[in-house]
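Asks: here is my input; please provide its structure:
(chains A and B)
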Amino acid sequence: MGEPKIPVDLIMQKLAEDSEKVYKSAQKASEVLLGPLDTQIATTPYEVVYEEDRIKVKHYKPKTGVKLKTPLLLVYALINRETMLDLQPGRSAIQNFLDEGVEIYMIDWGYPTRKDRYLTIDDHVNGYINNVIDFIRKRHSLPKINLMGICMGGSFSVMYTALHPEKIKNLITTVTPTNFDTDTGLLHIWMKSIDVDQMVDTLGNLPADMMNFGFLLLNPARLMIDKYVGFLQNVNNKNFVENFIRMEKWIFDSPDVPGETFRQFINDLYKKNLLIQNKMELGGRRIDLKKITMPLFNIYGKFDHLVPPEACERITKAVGSRDTEDVCLDTGHIGIYVSSKVQKEFAPRIARWLKERDKPEKESPGRKKPVANRTDVKTKAAVSSPKKGKKKSST
Amino acid sequence: MSENKKEDLYPESLMSFWMKSATELWKSTYQTWSSASESFQPKGFESKFQKSWQLTPEMWQSFVSALSAPESVKAFFKGMDILPEVVSQTLQSGWGGYSHLQKEWLEKAARIGKRTEAYKFEDLDKDLFKALTEVYENEFRQFLNIPQIGLTRFYQERTGQTMDRLNLYKIAVSEFMNLLSLPMEKSGKAMSEKLEELTARGELSENFEEYYSMWIKKLEGHYMVLFKSPEYIQGLNNVLNTGQKFFLARNRLLEDILQFFPVVTNKDMDELYKEIYLLKKEVKQLSKKVADLK
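Replies: Predicted coordinates:
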């Protein structure tokens, strides 16, 4: 008699063993879930130093002393919350920057309500971001500050810097879409075909729940099934459960997106790809990427399914600066911020790059410059001296 | 049977006999009630109710005498003859639509059990939903779009529009959900084929996690292919468009209802927000100009 094709006895034995394991696991799981769990996020202490409408600016000061003269302003996206940058001790980009002696300011975009539906990209960029930067410059008596944008916040940062290069010392873009002419990511395929005008006219702001569901639909097998199967498999592990709950808290803590901002973002960027072509306009002013002449550090993820490398890598060639650097990390869209492995490299690398470019500016923001026409501002201070032949790309 | 007795059995004569009897009955009822009410009413007092009630038998009598005329009775029964035809036409249109749908369902059922090709979605069951939409648009939609009349015609129209858009939205959602379920179906079939293969080779593992990993990879692959397909994008657009049209129609209807309550609507608030937004912008610009002048 040969080997049975279906090893029923082995399957039954495995079932019995697994049942025993499941029972023990369930016991431990109930202890974990019913016991005290530390699921707090954004625990690094900060002070709110500026408020305007729904936005706040958080200020983080390094306890070990400030090692960079120029503070860094972080501009997060309007989608999801900036708390991802401070998810938990050991996985906090904010804490890592502070450990490197970088003084941080971060914009908290708040939760838009129906009242905010008419706010445009211009209101965010030339309004809120500009006011915050002016506030920080005045506070530190500096003509320029460092600016770092994340995802959509990076797109805003690029737009801002092109329009106000005289206020930015160094620009960092992380997982930032600047080129939308690609079909690599599903978002790029879907956004090109939706009727955003009808959507905004009907809904006002883009509802957070709708966006969350849309993001889940990008990979339902992994995000709606496998993720929770993994959770159940590890539910008896307190550390795992705490980390999982923190991520869940962050990922579903989504604000609505102001309608007019969403409309313009989809029409001008996803559909017409105006930014990288230097054809985008904000408040009647054209954005010319060649006006970005200060050092630019561009970081993106190789396995980013939301903002694929094709959407990020063209910016360094499109700007006027000669001091640019591309870094492609072996991670996904949020892995750059939440992966403990990448965390060890990410913030220290940026801090090092900033330290190398932290020479003080000669002028203070108090000096008035006569400005005839805002569309063609040319001042000596606005043009930094780029290092020749320093465009480099690395992974 | 005499000629007279035969005539007595005709519907028309039965009708006039019935009407005469009914008139007599109500007349006697009224007279009884009137005499009874006189006993507990003060003399000379006649209530408003009694006055209007007095009109009723008189009206009934004039109606009966008009309807008792042989021509009127004939016309009434002619109208009754058409009723079965109307009912049968309505049933026919509904049945025609249903049998069309049933045909599609049977064809779909016949496709179940056929071997599935991995990662291919050419034979999507879009025809079923197309048929559903066609049936709805051709057979039922017309009833919701009948022109409305009267003082409340606009409200009636908007109600009909909302119902119409809701139905289209429901069809689009069903189609979209069906699309989303296709990878589940395909990966399930692919897994069962794989298991058959493994069983035939005697390579079945007792570790369930392996099968789960296999299945989830297949599922993920199928979803990736589906999401890039034009059918999915069309389905997504359809559900978004029909949904938005339904929400707009529903909001308009709700605003109609809310106008009778002291409750502010989204439309009112949006107008206010727009004004506030423009005013704030102007104030900020003026403040900046003043600051520059200083």
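Asks: and residue A:267, that one's in a strand?
Replies: No. Counting by DSSP: H, G, I helix; E, B strand; the rest coil, one finds residue A:267 to be helix, located in no strand.
Asks: any figure for the gap between it and residue A:128?
Replies: Using Cβ to Cβ, to the nearest Å, residue A:267 is found at 21 Å from residue A:128. Any C-beta I mention is one placed from the backbone N, CA and C, and that applies to glycine too.
Asks: hmm, residue A:189 is touching residue B:233, no?
Replies: Yes. If you go by Cβ atoms under 8 Å, residue A:189 and residue B:233 touch, sitting 7.0 Å apart.
Asks: that older thread, more neighbours: residue A:267 and residue A:128, which one.
Replies: residue A:128 (21 against 15; other Cβ atoms under 10 Å in any protein chain shown).
Asks: what's near enough to touch the residue nearest to that one when sequence neighbours are not counted?
Replies: Spatial nearest neighbour of residue A:128, excluding adjacent residues (Cβ to Cβ, 6 or more residues apart in numbering or on different chains): residue A:55 at 5.4 Å. Contacts for residue A:55 (Cβ atoms under 8 Å, 6 or more residues apart in numbering or on different chains) come out as A:107-110, A:128, A:132.
Asks: need the pLDDT of residue A:55.
Replies: What the model reports for residue A:55 is a pLDDT of 96.
Asks: and residue B:183, how many residues sit next to it?
Replies: The number of residues packed near residue B:183 is 24, by other Cβ under 10 Å.
Asks: what about the closest residue to it other than its chain neighbours, how many neighbours?
Replies: Excluding the flanking residues, the one nearest residue B:183 by Cβ to Cβ, 6+ apart is residue B:222, at 3.5 Å. Around residue B:222 sit 22 other residues, with neighbours defined as other Cβ under 10 Å.
Asks: got it, and residue B:166?
Replies: 17.
Asks: can you give me the neighbour number for the nearest residue to residue A:126 once chain neighbours are set aside?
Replies: Nearest residue to residue A:126, sequence neighbours excluded (Cβ to Cβ, 6+ apart): residue A:283, at 5.3 Å. Neighbour count for residue A:283, taken as other Cβ under 10 Å: 13.
Asks: any idea of the pLDDT on residue A:283?
Replies: The model's pLDDT for residue A:283 equals 92.
Asks: need the contact list for residue A:100.
Replies: Counting by Cβ under 8 Å, 6+ apart, residue A:100 has contacts A:62, A:67, A:347-348, A:351-352.
Asks: try 7 Å
Replies: A:67, A:347-348, A:351 (Cβ atoms under 7 Å, 6 or more residues apart in numbering or on different chains).
Asks: over to it: give its phi and psi.
Replies: Dihedral angles of residue A:100 (phi, psi; degrees, to the nearest 10) stand at phi -90, psi 0.
Asks: now do residue A:72
Replies: Torsion angles, degrees, to the nearest 10, at residue A:72: phi -120, psi 130.
Asks: so it touches residue A:146, yeah?
Replies: Yes. Under the criterion of Cβ atoms under 7 Å, residue A:72 makes contact with residue A:146 at 4.4 Å.
Asks: got any residues that touch both of those two?
Replies: Listed as contacting both residue A:72 and residue A:146 by Cβ under 7 Å, 6+ apart are residue A:354.
Asks: hmm, back to that, and the residue nearest to residue B:183, what element?
Replies: Applying DSSP states H and E as the criterion places residue B:222 in helix B:208-227.
Asks: flag every buried residue along that helix.
Replies: B:214-216, B:218-227 (16 or more other Cβ atoms under 10 Å in any protein chain shown).
Asks: in a markdown table: these, plus pLDDT.
Replies: A markdown table is the format used below for the buried residues of helix B:208-227 (pLDDT from 0 to 100):
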| residue | pLDDT |
| --- | --- |
| B:214 | 91 |
| B:215 | 92 |
| B:216 | 93 |
| B:218 | 92 |
| B:219 | 94 |
| B:220 | 93 |
| B:221 | 93 |
| B:222 | 93 |
| B:223 | 93 |
| B:224 | 91 |
| B:225 | 92 |
| B:226 | 92 |
| B:227 | 92 |
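Asks: give me every residue in the stretch 101-250 of chain A lying close to chain B.
Replies: Within the stretch 101-250 of chain A, the residues that sit near chain B (Cβ under 7 Å from any Cβ of the partner chain) are A:114-115, A:117-118, A:186, A:189-190, A:193-195, A:198-199, A:202, A:219-222, A:225-226.
Asks: from those, which would you call buried?
Replies: Counted by 16+ other Cβ under 10 Å, those give A:114-115, A:117-118, A:186, A:189-190, A:194, A:199, A:202, A:219-222, A:225-226 as buried.
Asks: pull the most distant pair out of those.
Replies: A:118 and A:226 (40.4 Å; Cβ to Cβ).
Asks: among the residues of the stretch 101-250 of chain A next to chain B, name the ones in helices.
Replies: Counted as lying in helices by DSSP state H, out of those, are A:186, A:189-190, A:193, A:198-199, A:202, A:220.
Asks: just name the closest of the residues you listed to residue A:42, please.
Replies: residue A:220 (28.5 Å).
Asks: can you pull the contacts of the nearest residue to the closest one once chain neighbours are set aside?
Replies: Distances taken as Cβ to Cβ, 6+ apart put residue B:223 closest to residue A:220, at 6.0 Å, once the chain neighbours are dropped. Listed by Cβ under 7 Å, 6+ apart, the contact set of residue B:223 reads A:219-221, B:183.
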